[in-house]
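A.B. asks: Take a look and give me a structure for this.
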Amino acid sequence: MKKNEGKKIVFVDYYGILSTTRFWHSVQDPNHKLHKYLQSIQDFLFVEDRTLLDEWMRGKYTSEEMHQVLAENFAIDFDELFSIFVEDCKTVEISEKILDKLKSLPENYLKIMVTDNMDSFDRFILPANRILEDSFHGINNSFYVQKLKADKEGEWFLDILKNYEVPIENCALIDDSLKNCETFQKLGGKYYNSKTEEDVLLALNNFIK
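C.D. replies: This is a model prediction of the structure:
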């Protein structure tokens, strides 16, 4: 008998599901001295050209290297911007309601976080939020495997499943990205494309008999 026979997996995304706190969230304060740069920085990374952001999440750049790019592009002091970034990573808001609901899942469910993320997640967010490691059987970050969830038709999910010996038909993904959800579905898994905390809680109720 395989060690995980009868097991199922709930894959859970991080940003957009467990947390909606953005990078440099303290700079959102209009009175912050760097506030005037925030929108331009966000547009540069998240709107104008996602290539740089995606490569950061694929492990091509470190957080320091990315902040050097930002510092040069916007004439901002590197040390100041990076220090804010690090401290803000340590004070993200995480949904305790969702984590509590995850704890109530039946024992045969493995709870696996899979996140398209940067080195900053493991370096700064996780150490300051041990509750995350305590809530999951495994945490997987794209930065360290150098591929995103939708890359190569979802290859990363299959790589993870090999380690747990659980067929994808016994797995579900909770993710705010429809692209990721559809990729997972094509592999044979179920998905819940959740956009709010309430959506996630309702999705998790489906696993509780």
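
A.B. asks: How is this structure divided into domains?
C.D. replies: Using automatic domain parsing, the domain parsing of the chain gives 8-20+93-205, 25-89.

A.B. asks: Quickly compare the ones you listed and say which is most buried.
C.D. replies: domain 8-20+93-205 (a mean of 18; mean count of other C-beta atoms under 10 Å). Where C-beta positions appear, they are placed from N, C-alpha and C, glycine not excepted.

A.B. asks: Can you give me the end-to-end span of that domain?
C.D. replies: Domain 8-20+93-205 has an end-to-end distance of 15 Å (criterion: C-alpha to C-alpha, to the nearest Å).

A.B. asks: and that domain, how far out from the chain's middle?
C.D. replies: Chain-centre distance of domain 8-20+93-205: 8 Å, with C-alpha atoms, centre = their mean, to the nearest Å.

A.B. asks: Surely Ser19 is in contact with Glu96?
C.D. replies: No - when contacts are counted by C-beta atoms under 8 Å, Ser19 is not listed as touching Glu96 (10.9 Å).

A.B. asks: between the two, what contacts are shared?
C.D. replies: Counting by C-beta atoms under 8 Å, 6 or more residues apart in numbering, no residue touches both Ser19 and Glu96.

A.B. asks: quick revisit: same list (the domains of the chain) but as CSV, adding mean pLDDT.
C.D. replies: Putting the domains of the chain into CSV (pLDDT from 0 to 100) gives the following:
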stretch, mean pLDDT
domain 8-20+93-205, 97
domain 25-89, 96
